[in-house]
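Peer 1: Need coordinates for the below:
(2 chains)
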Number of protein chains: 2
Amino acid sequence: MADYELFYWPSIPGRGEFVRLIFEEADANYVDVARLPEAEAGGVAAIRAILESNHGQPPGFAVPVVRHGALVISQTPNICLYTARHLDLAPADEAGQLHANQLQLTIADVVTEAHDTHHPIAVDAYFEDQRDAAIRRGQFFSSVRLPKFLDYFEGALTATPAGHSLGESLSYVDLSLFHLMRGLEYAFPRAMARCRAEVPGLVALAERVAARPSIASYLASARRLGFNQHGIFRHYPELDAHE
Amino acid sequence: MADYELFYWPSIPGRGEFVRLIFEEADANYVDVARLPEAEAGGVAAIRAILESNHGQPPGFAVPVVRHGALVISQTPNICLYTARHLDLAPADEAGQLHANQLQLTIADVVTEAHDTHHPIAVDAYFEDQRDAAIRRGQFFSSVRLPKFLDYFEGALTATPAGHSLGESLSYVDLSLFHLMRGLEYAFPRAMARCRAEVPGLVALAERVAARPSIASYLASARRLGFNQHGIFRHYPELDAHE
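Peer 2: Down below sits the predicted model:
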């Protein structure tokens, strides 16, 4: 039996990818439960089941959910903090963990804003029914917010001489910044092309993460799900920064 | 000199209120720096200064920021986790802290969605310039998302016999749920009147928190800022659930 069970939508990288990258880098013994066939207790039914009963613990509002032994937890930055702490991908001291969590929560804010570019009105409604608002929000996000967030992370990176976001060692925040950069490049290629030269530290960090043996092997595997039009990061050219 | 320095906008409860409630309940020695006169190193200049230099630590993207000794941290749920842990308002064990953080992150999600009802397109633009989208998002939030979130928190509360969100003792999550309920009641009185009967545990919890001697004294003091049309929670009747 696997040490860690991840419950997340089986067809998108989404928020689950921040957790998958931690497991992959640490070579953890984990299973991506909803990607198993329903006959093996997988599929979307597994997601419904874990959200409906958390075995006496506070329920999850949404996936990702991770089960580790008796513990069941949700909320992506919370799962990342816990799993990274146990898999040696977080700073060992309290101050370091707080700063990691601070950066991770800011990454989560970017993810929410990137999602809301294609669903600015209602997460339950179709893109087509909120396309006009999406174009306005997408243009604002990709031309104002995205550069501001990247500039912030670049500042955090360049504050440490080793080029990691939290000093000497690779941490889960670096893995998450890699995923954030790739997601933004998929969804907003024009905005990202324009920003690239301003954030050389982030660009280099993403390359270094992608080249790590564990991550390179994961990215080449069938376990890695491609970005697509059902996830957090979606490519609609009309939402991407124009001139 | 104060043990804790809070840096937050001096004219709104906003996200800073989640931190203020922890300090007030714990009777911590804190100062709300930006509410001091500029002549005493307060005012908005203090916010600019703390965001521009975090003394070698990762910078903050936005306020609230808290300084405690040499440590400077930002992101509301991160500040709450840290301060509550040090002020005996968080569970003592790791699992309890993870569950507290999980609930607090979900509260933060509601706060972001409540904010985005009045700024669905661009945080930098006027309400009037995004009013049509605001009405659509506000109606969706107040009639669909708000009841769904409250139902979730009610479920978390009723899972524990003591009527706190995390078992036997009051925690910072209970203080935050109080503020969330009050903010939603200010912004969406019709939606909240409709939900009230469905979430008796939450309603009772908010009353109990308000009646605690430390909190009652705070609420009656000049330190407590009222809800207003510049904060996270704003009352626009056209955004509140209609029939």
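
Peer 1: which residues of chain A fall in strands?
Peer 2: Per DSSP state E, chain A carries strands over the ranges A:4-7, A:30-32, A:65-68, A:71-74.

Peer 1: Quick one, which of those gets closest to chain B.
Peer 2: If you check each of those against chain B by Cβ to the nearest Cβ, strand A:71-74 wins as the nearest, at 5.0 Å. All C-beta spots, glycine's among them, are computed from the backbone N, C-alpha and C.

Peer 1: What is the closest one packed up against?
Peer 2: Based on contacts counted as 3 or more Cβ pairs under 8 Å, 6 or more residues apart in numbering or on different chains; DSSP states H and E, the elements that strand A:71-74 packs against are strand A:65-68, helix A:76-86, helix B:94-118.

Peer 1: Export those to JSON lines and append columns for mean neighbour count and mean pLDDT.
Peer 2: Listed next are the helices and strands packed on strand A:71-74 as JSON lines, based on neighbours: other Cβ atoms under 10 Å in any protein chain shown; pLDDT from 0 to 100:
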{"stretch": "strand A:65-68", "mean neighbour count": "23", "mean pLDDT": "97"}
{"stretch": "helix A:76-86", "mean neighbour count": "24", "mean pLDDT": "98"}
{"stretch": "helix B:94-118", "mean neighbour count": "22", "mean pLDDT": "97"}
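
Peer 1: Adding distance to A:Phe188, write the ones you listed out as CSV.
Peer 2: Written out in CSV, the entries for the helices and strands packed on strand A:71-74 read as follows (distance: least, Cβ to Cβ, whole Å):
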stretch, distance to A:Phe188
strand A:65-68, 29
helix A:76-86, 21
helix B:94-118, 19
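
Peer 1: Select, out of these, the one closest to B:Arg131.
Peer 2: Go through those one by one with Cβ to Cβ and the one that ends up closest to B:Arg131 is helix B:94-118, at 9.0 Å.

Peer 1: report the angle between the axes of that closest one and helix A:76-86?
Peer 2: Angle between the axes of helix B:94-118 and helix A:76-86 is 150 degrees (criterion: axes from the mean of the first three to the mean of the last three Cα atoms, to 10 degrees).

Peer 1: So which other helices or strands are in contact with helix B:94-118?
Peer 2: strand A:71-74, helix A:76-86, helix A:94-118, helix B:76-86, helix B:131-140, helix B:146-158, helix B:172-187.

Peer 1: if I look at A:Asp124, how far off is B:Arg137?
Peer 2: Taking Cβ to Cβ, to the nearest Å as the measure, A:Asp124 falls 12 Å from B:Arg137.

Peer 1: For the nearest residue to A:Leu225 once chain neighbours are set aside, give me the pLDDT.
Peer 2: Residue nearest to A:Leu225 in three dimensions, not counting chain neighbours: A:Pro13, with 5.1 Å by Cβ to Cβ, 6 or more residues apart in numbering or on different chains. Here the pLDDT value assigned to A:Pro13 is 97.

Peer 1: A:Pro13: neighbour count?
Peer 2: 23 (other Cβ atoms under 10 Å in any protein chain shown).

Peer 1: Was I right to think it contacts A:Phe227?
Peer 2: Yes. Using Cβ atoms under 8 Å, A:Pro13 is in contact with A:Phe227, at 6.2 Å.

Peer 1: So for the two, which residues contact both of them?
Peer 2: Each of A:Gly183, A:Phe233 lies in contact with both A:Pro13 and A:Phe227 under the rule Cβ atoms under 8 Å, 6 or more residues apart in numbering or on different chains.

Peer 1: Let me know the pLDDT of A:Leu166.
Peer 2: 83.

Peer 1: Does it touch A:Leu98 like I think?
Peer 2: No. With contacts defined as Cβ under 8 Å, A:Leu166 does not count as touching A:Leu98, sitting 10.5 Å away.

Peer 1: any low-confidence regions in chain A?
Peer 2: Within chain A, the ranges that satisfy pLDDT under 70 run A:243.

Peer 1: let's see it at 50
Peer 2: Nowhere does chain A drop to pLDDT under 50.

Peer 1: quick revisit: so A:Asp124 and B:Arg137 - more neighbours on which side?
Peer 2: Per other Cβ under 10 Å, whichever of A:Asp124 and B:Arg137 has more neighbours is B:Arg137, with 27 against 9.

Peer 1: Contact partners for the closest residue to the more buried one other than its chain neighbours?
Peer 2: Counting by Cβ to Cβ, 6+ apart, B:Arg137 lies nearest to B:Pro120, which is 4.2 Å off, once chain neighbours are set aside. B:Pro120 is in contact with A:Pro120, A:Ile121, A:Ala133, A:Arg137, B:Gln130, B:Ala133, B:Ala134, B:Arg136, B:Arg137, counting by Cβ under 8 Å, 6+ apart.

Peer 1: about what we covered before: now do the same contact list for the residue nearest to A:Leu225.
Peer 2: So A:Pro13 contacts A:Arg20, A:His179, A:Gly183, A:Arg224, A:Leu225, A:Gly226, A:Phe227, A:Gly231, A:Ile232, A:Phe233 (Cβ under 8 Å, 6+ apart).

Peer 1: Tell me how many other residues crowd the fourth one.
Peer 2: Here the neighbour count serves as a burial measure; for A:Arg224 (other Cβ under 10 Å) it reads 15.

Peer 1: from memory it sits against A:Tyr218, does it?
Peer 2: Yes. Using Cβ under 8 Å, A:Arg224 is in contact with A:Tyr218, at 5.8 Å.

Peer 1: before we move on, the earlier item: phi, psi for the residue nearest to B:Arg137 please.
Peer 2: B:Pro120 adopts backbone torsions of phi -70, psi -20, taken as degrees, to the nearest 10.
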